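A.B. asks: Take a look and give me a structure for this.
(6 chains)
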Protein chains: 4
Amino acid sequence: MTLKNIDQLFQASLAQSDLSEKQKAVLQASLTLFAEKGFERTTTRDIATLAQVSEGTVYKQFKTKQQILDAILQPFITQVFPQAANEFIAELTARPVTSLHAFIQFIVYDRINFGLTNQKQLKVLVQQLLDNGRLLAELGQVFDKVLQGPIKSTLNQLQRQGELVNWSHARIFRHIISTVLGYVLPIIILPIADPDVEKITAEATEFLYAGLHQKKA
Amino acid sequence: MTLKNIDQLFQASLAQSDLSEKQKAVLQASLTLFAEKGFERTTTRDIATLAQVSEGTVYKQFKTKQQILDAILQPFITQVFPQAANEFIAELTARPVTSLHAFIQFIVYDRINFGLTNQKQLKVLVQQLLDNGRLLAELGQVFDKVLQGPIKSTLNQLQRQGELVNWSHARIFRHIISTVLGYVLPIIILPIADPDVEKITAEATEFLYAGLHQKKA
Amino acid sequence: MTLKNIDQLFQASLAQSDLSEKQKAVLQASLTLFAEKGFERTTTRDIATLAQVSEGTVYKQFKTKQQILDAILQPFITQVFPQAANEFIAELTARPVTSLHAFIQFIVYDRINFGLTNQKQLKVLVQQLLDNGRLLAELGQVFDKVLQGPIKSTLNQLQRQGELVNWSHARIFRHIISTVLGYVLPIIILPIADPDVEKITAEATEFLYAGLHQKKA
Amino acid sequence: MTLKNIDQLFQASLAQSDLSEKQKAVLQASLTLFAEKGFERTTTRDIATLAQVSEGTVYKQFKTKQQILDAILQPFITQVFPQAANEFIAELTARPVTSLHAFIQFIVYDRINFGLTNQKQLKVLVQQLLDNGRLLAELGQVFDKVLQGPIKSTLNQLQRQGELVNWSHARIFRHIISTVLGYVLPIIILPIADPDVEKITAEATEFLYAGLHQKKA
DNA sequence: TATGAATGAGCCTTCATTCAT
DNA sequence: GATGAATGAAGGCTCATTCAT
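C.D. replies: Alright, predicted model coming up:
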């Protein structure tokens, strides 16, 4: 079953950490506030108040405010995204890919839900990506790794079948990600209360399928 | 001639304002620093130093640091983008649109160059868009307006000719923008020193054309 | 046998106290850290870590950090110094004082060794003396008491023999202490790795003897 | 006329600095508070309040609290002490040295007055010397330099005349300083309200003369 | 009794903003 | 108008001290 909620992974990541309940509350509160107000405009006093903890406790585990941010972002890069990718891939391999259209539809639907379910986390991540080129580079490496895994054979198969264009997998993914983000990011930023996921999925799928399927000679 | 450098528009916008030379220097310095370090991490002392102006002068025209940011962003929304859009449209209308492929190729090439030439400004804008949903909404209205202008007939014509899919103009633009940003944003953020504009243009055009052209029945 | 190491006295003082092993470790660690970094710059966490004890334990016996310092200094004033003085005096009385020169030489050699052997303790003491006039006053009373003891007769005898100048014993001691500290304190503060005790003793003795012996009419 | 008040030199040093009145007030207030309560126990708020200045102003010139301390101590080492030494030497050379006794008496009287007049400054200096071996080393170099100047010939002359012992000038100075500090430091630390300068001078002079004059064969 | 997580007052420092010159 | 010294509110962070386990 594809995991659609980063929180579950984030919670799992927290659970297997050696952090106390209060320190987990600190990370939760920080995540919420960073998403709402941004990193700079969030004070350690804000965090302590929301986490129902003293300011001293905030600094028991994390030596600086920056380290709190790192503690939130690091699992995203090293655990949440790879694991989400793995589960995504597992689902892909579980069901035999019958056609390019089904493949694209699945990806799009899955990733749009993923994005909409985790608006808060994505907002923090995107904000930091803008400030921090290194972070984007790390994220790029995660994607590269995903493309080296089982998804590679799926794409190769679709290309051999003459369904998928013979472009590099990286390029194909770039187009997919761009198109999905073209719908998801405006929703996250604005934010739009009740997006029509079905319509969005249909539109994105339709466009991507047209753009990526092999034209018959 | 399409204007490819926001600076020229920004300068023109400054020129016809009633700001003194020093005030303009303040805005220029602020733009540079906001792009480099972000709004919050830029101090008014930084601005004054780079603008070769006293801190007092910074506050002569702008009552708060936020007003400086507004003074930078507002022209983007109300002047720079509309005017850039107008010039873009003028160019479009000047040359009769012969085919969808030529149309897409022109847009993509033009906008990629626009993005790459104005990395600094775009970075500030994107950062603020993330913090400020209202800004994105305003920008959306600008796009709506553009779509109501001469470009509307061009798109209509392409659709009547059976070249362009019969989707809403907004949706078509969303796909174009997403695809172009999928190439431009990573370059701006990382930043990549010497992007291969020709290759990028070719790839984006190829994908967009495939995705947007009317399939023969 | 003259005791040359305050640690032995300090340990003895600890041994006959009702402090637990851990409490003693707290005092030992505090002494070391106060000497190295000063009282203010030593944190209770530092102390707990070096004493291999929890922070809570530090506060079991001592209600405040200041009380730890008091617990270290108090024995110096009331026990270590008087006892050191007593042993010094015992040694003096054990061997009949044959001449002023021998007397001075013995004192100087003994006290220089005392100072050099207990650099750590002296540094803490001197630092606190500067902050705390009362402490110096208490120390002065200890010296007064010493001068009232057996040493009084020794000095009187040397004065009656016409060897020692007829100054007050307090004044004589002041000159001796000043001269010895003039050599010892720079070594403690700098710190000088390998002081030439023989040379120092010779120089201080030579000067003090010249300054304190009775000039023949 | 020998300058007996460091304040005058300190003020002169401030006057020829480019510090504003308020920033001089910061240094003055800091000096007073550091002497009263020690460096660590003095808060920047204390300083601002006593200097009748905002906390921001405290940090206009000095980037850290430590730099305030440095700004106070540095002139002592590089200016106040050397200049005081120069004036002292000038006075020495102005009046021909008739005898060792007069020489010692002059030095002792002069330095005791110097010390008693500048108790506040000396207390801060001594406290820092204990924490900072490097500072003591720098001070030692200042003394070395003094001993290389005009005072050298005075001492040489007294030694040639057979009045002064043939010890190294450094050693002679060490004994003089020790003896004077033996009287001055207790007064500074305790503090003693109304010291009998005449008596102190007489005692120190008598002892030093006895200790340093050449014994007839 | 011993622990160490938790507290919160208060510190040093920054920086947007003001205002006398 | 221009300057930059001065302001002071507020932020990040430390650390002596407490207390539930």
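
A.B. asks: Spell out which residues of chain A are next to DNA strand E.
C.D. replies: Applying C-beta under 7 Å from any atom of the strand, we find that chain A lies next to DNA strand E at A:S20, A:E21, A:K22, A:Q23, A:V53, A:S54, A:E55, A:G56, A:T57, A:Y59, A:K60. C-betas here are computed from N, CA, C, even on glycine.

A.B. asks: which one among the residues you listed gets closest to D:P195?
C.D. replies: A:G56 (48.2 Å; C-beta to C-beta).

A.B. asks: quick one: the closest one and B:S30, what's the gap?
C.D. replies: 37 Å (C-beta to C-beta, to the nearest Å).

A.B. asks: Looking at the two, which one has more neighbours?
C.D. replies: B:S30 (25 against 8; other C-beta atoms under 10 Å in any protein chain shown).

A.B. asks: Could you check which residue of chain A lies nearest chain C?
C.D. replies: Per C-beta to the nearest C-beta, A:K60 is where chain A lies closest to chain C, at 11.6 Å.

A.B. asks: and that residue, what does it touch?
C.D. replies: Neighbouring residues of A:K60 by C-beta atoms under 8 Å, 6 or more residues apart in numbering or on different chains: A:Q23.

A.B. asks: Next, work out how far apart it and A:V26 are.
C.D. replies: Taking C-beta to C-beta, one finds A:K60 at 9 Å from A:V26.

A.B. asks: who's in contact with A:G38?
C.D. replies: Contact analysis of A:G38 by C-beta under 8 Å, 6+ apart lists A:Q127, B:E40, B:D131.

A.B. asks: Just the buried ones from those residues, in PyMOL syntax?
C.D. replies: Listed next is the PyMOL selection for buried residues among these, using 16 or more other C-beta atoms under 10 Å in any protein chain shown:
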select buried, (chain A and resi 127) or (chain B and resi 131)
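
A.B. asks: in stretch A:101-115, what's buried?
C.D. replies: Judged by neighbour count (16+ other C-beta under 10 Å), stretch A:101-115 contains these buried residues: A:103-115.

A.B. asks: And for stretch A:18-36?
C.D. replies: For stretch A:18-36, by 16+ other C-beta under 10 Å, it's A:19, A:23-35.

A.B. asks: how about the residue lying closest to A:L50 once chain neighbours are set aside, what does it touch?
C.D. replies: Leaving aside its sequence neighbours, A:L50 sits nearest to A:A29 (C-beta to C-beta, 6 or more residues apart in numbering or on different chains; 3.8 Å). A:A29 makes contacts with A:D46, A:I47, A:L50, A:A51, as judged by C-beta under 8 Å, 6+ apart.

A.B. asks: A:A29 looks like it's in a helix, true?
C.D. replies: Yes: counting by DSSP: H, G, I helix; E, B strand; the rest coil, one finds A:A29 located in a helix.

A.B. asks: Output the below-cut-off pLDDT ranges for chain A.
C.D. replies: Chain A contains residues with pLDDT under 70 at A:1-17, A:216-217.

A.B. asks: At which residues are the helices of it located?
C.D. replies: A:6-15, A:21-37, A:44-50, A:55-61, A:65-75, A:81-94, A:100-117, A:119-131, A:133-148, A:151-160, A:169-189, A:197-212 (DSSP state H).

A.B. asks: on that earlier part again, in CSV, list the contacts of A:A29 along with neighbour count.
C.D. replies: Output for the contacts of A:A29, formatted as CSV (neighbours: other C-beta atoms under 10 Å in any protein chain shown):
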residue, neighbour count
A:D46, 16
A:I47, 26
A:L50, 17
A:A51, 21
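
A.B. asks: tell me which of these is nearest to DNA strand E?
C.D. replies: Comparing the contacts of A:A29 against DNA strand E with C-beta to the nearest atom of the strand picks out A:A51 as the nearest, at 8.5 Å.

A.B. asks: In contact with that closest one, which residues?
C.D. replies: A:K22, A:A25, A:V26, A:Q28, A:A29, A:S30, A:T57, A:V58.

A.B. asks: go with 7 Å
C.D. replies: Going by C-beta atoms under 7 Å, 6 or more residues apart in numbering or on different chains, A:A51 touches A:A25, A:V26, A:A29.

A.B. asks: Could you report the distance from it to chain B?
C.D. replies: Separation of A:A51 from chain B (C-beta to the nearest C-beta, to the nearest Å): 22 Å.

A.B. asks: Need the phi and psi values for that residue.
C.D. replies: When read as degrees, to the nearest 10, the backbone of A:A51 gives phi -80, psi 0.

A.B. asks: Pick out the residue in chain A sitting closest to DNA strand E.
C.D. replies: Distances between chain A and DNA strand E by C-beta to the nearest atom of the strand are smallest at A:G56, namely 1.8 Å.

A.B. asks: Next, count neighbours for the closest residue to chain D within chain A.
C.D. replies: The nearest approach of chain A to chain D comes at A:T64, 18.4 Å away (C-beta to the nearest C-beta). Neighbourhood size, A:T64 [other C-beta under 10 Å]: 10.

A.B. asks: you'd agree A:G211 is up against B:F207?
C.D. replies: Yes: here A:G211 reaches B:F207: they are 4.9 Å apart, a contact under C-beta atoms under 7 Å.

A.B. asks: tell me, what's touching those two both at once?
C.D. replies: With C-beta under 7 Å, 6+ apart, A:G211 and B:F207 have common neighbours A:H175.

A.B. asks: hang on, the earlier thing: identify, from the contacts of A:G38, the entry nearest to DNA strand F.
C.D. replies: B:E40 (10.1 Å).

A.B. asks: coming back round to it: of all the buried residues of stretch A:18-36, which two lie farthest apart?
C.D. replies: A:L19 and A:A35 (19.9 Å).

A.B. asks: The residue nearest to A:L50 and A:T42: what is the separation?
C.D. replies: The spacing between A:A29 and A:T42, counted by C-beta to C-beta, is 9 Å.

A.B. asks: interface residues of chain A facing DNA strand F?
C.D. replies: Within chain A, the positions adjacent to DNA strand F are A:T42, A:T43, A:T44, A:R45, A:E55, A:G56, A:Y59, A:K63, A:T64, A:K65, A:Q66 by C-beta under 7 Å from any atom of the strand.
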